[in-house]
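Peer 1: The following block contains a protein sequence and its predicted model.
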Amino acid sequence: MKIKEIISALERFAPLPLQESYDNAGLQVGLTAEQEASGALLCLDVTEEVIREAIDLGCNLIISHHPLLFRPLRQVTERTQVERCVRLAIQNDITIYAAHTNLDNAEDGVNYRIAEKLGLVDVAMMQRHTVSVGERHVVAGSGLIGYLPAAEDSLAFLQRVKDVFHIEALQHNELLGRPIQSVALCGGAGAFMLDEAIRLEADAFLTGEMSYHQFFGHEQEIQIAVMGHYQSEQYTKEIFYQIIGDRWPELPLFMTNVDTNPIQYLI
């Protein structure tokens, strides 16, 4: 199959018009017109190590969640990691494609995968709206709210989040003095959804990033848990695998073995 067919399937699932105005999802590097896909490597971030992994695996397509080209390049040298990645990809005829906030906002996208890992039921988008994509009307939205099948003690719930997402150090506010059953969440930099989670009277709110001052003033109002950006989105690769693997089972398809999380923890 051609690379453009794979990209078309990804954009059918998560259309580019669903992305936020600041984003740069879509084709990052390479040609897609009539190029056959030799294999695809799936990742959260594109680094030089990831590109070398694709080369070793014989893949000429890398599909990432975070865009390699988030800001415009003024030059392509070897000065920055992004510039080196662009050069390395072009030199080896590797196409790089990113599905970012369009995948965050898509139905069955990133937040749905987080909810699935936690076993939430009756999930719904917190801010649901419809986007016109050609002749289609696509449902999109930021964040999710769902429910645990049975209420959990706050400490037990936080420990389970930590275990499920392999979190070295889970940040949270003081333990909630009531059971947790309704859970709101927004992966990545999703702290902007905290107020909506409170408005919906969720017992807990999970996200990947939150600033220090946002923790204040919510004691016994809502259980806040900050997972880490990488940790909250690490299972995005599984969504890519499902979209592509179900349609083209013959295509060599790999999830990266490279841990691209730039944040280290001294325990």
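Peer 2: On my side now, so go ahead.
Peer 1: And the pLDDT for Ala33?
Peer 2: On pLDDT, Ala33 comes in at 71.
Peer 1: Look at the residue nearest the centre of the chain and report its pLDDT.
Peer 2: By Cα atoms, centre = their mean, the mean C-alpha position of the chain lies nearest to Glu233, the distance being 4.0 Å. Looking at Glu233, its pLDDT reads 98.
Peer 1: And it, how close does it get to Arg71?
Peer 2: 20 Å (Cβ to Cβ, to the nearest Å). Heads up, the C-betas are built off the backbone N, CA and C, glycines and all.
Peer 1: got a list of contacts for the helix or strand that contains Thr130?
Peer 2: Following DSSP states H and E, one finds Thr130 within strand 121-133. Residues from elsewhere that reach strand 121-133, judged by Cβ atoms under 8 Å, 6 or more residues apart in numbering: 15, 17-18, 107, 112, 115, 137-149, 184, 186, 193, 196-197, 200.
Peer 1: Can you tell me the strand partners of that strand and which way each runs?
Peer 2: Sheet pairing for strand 121-133, assigned by DSSP bridges, gives strand 136-152 (antiparallel).
Peer 1: what's the angle between the next helix or strand after the strand it pairs with and strand 136-152?
Peer 2: Counting by DSSP H and E, the next helix or strand C-terminal to strand 136-152 is helix 154-164. Per axes from the mean of the first three to the mean of the last three Cα atoms, to 10 degrees, the angle that helix 154-164 makes with strand 136-152 is 130 degrees.
Peer 1: what's the spacing between the helix or strand just after helix 154-164 and its chain's center?
Peer 2: Sequence-wise, the next helix or strand downstream of helix 154-164 (DSSP H and E) is strand 171-172. Relative to the centre of its chain, strand 171-172 is centred 20 Å away, using Cα atoms, centre = their mean, to the nearest Å.
Peer 1: Same check on stretch 185-201?
Peer 2: Centre to centre, stretch against its chain (Cα atoms, centre = their mean), the figure for stretch 185-201 is 16 Å.
Peer 1: list the buried ones in the strand holding Thr130?
Peer 2: Across strand 121-133, burial judged by 16 or more other Cβ atoms under 10 Å covers 123, 125-126, 131.
Peer 1: just stretch 196-209 next, same as before
Peer 2: Using 16+ other Cβ under 10 Å as the test for burial, stretch 196-209 gives 196-197, 200, 202-209.
Peer 1: and stretch 237-246, which residues are buried?
Peer 2: Neighbour-count burial for stretch 237-246 flags 237, 239-241, 243-244 (criterion: 16+ other Cβ under 10 Å).
Peer 1: Alright, calling it a day.
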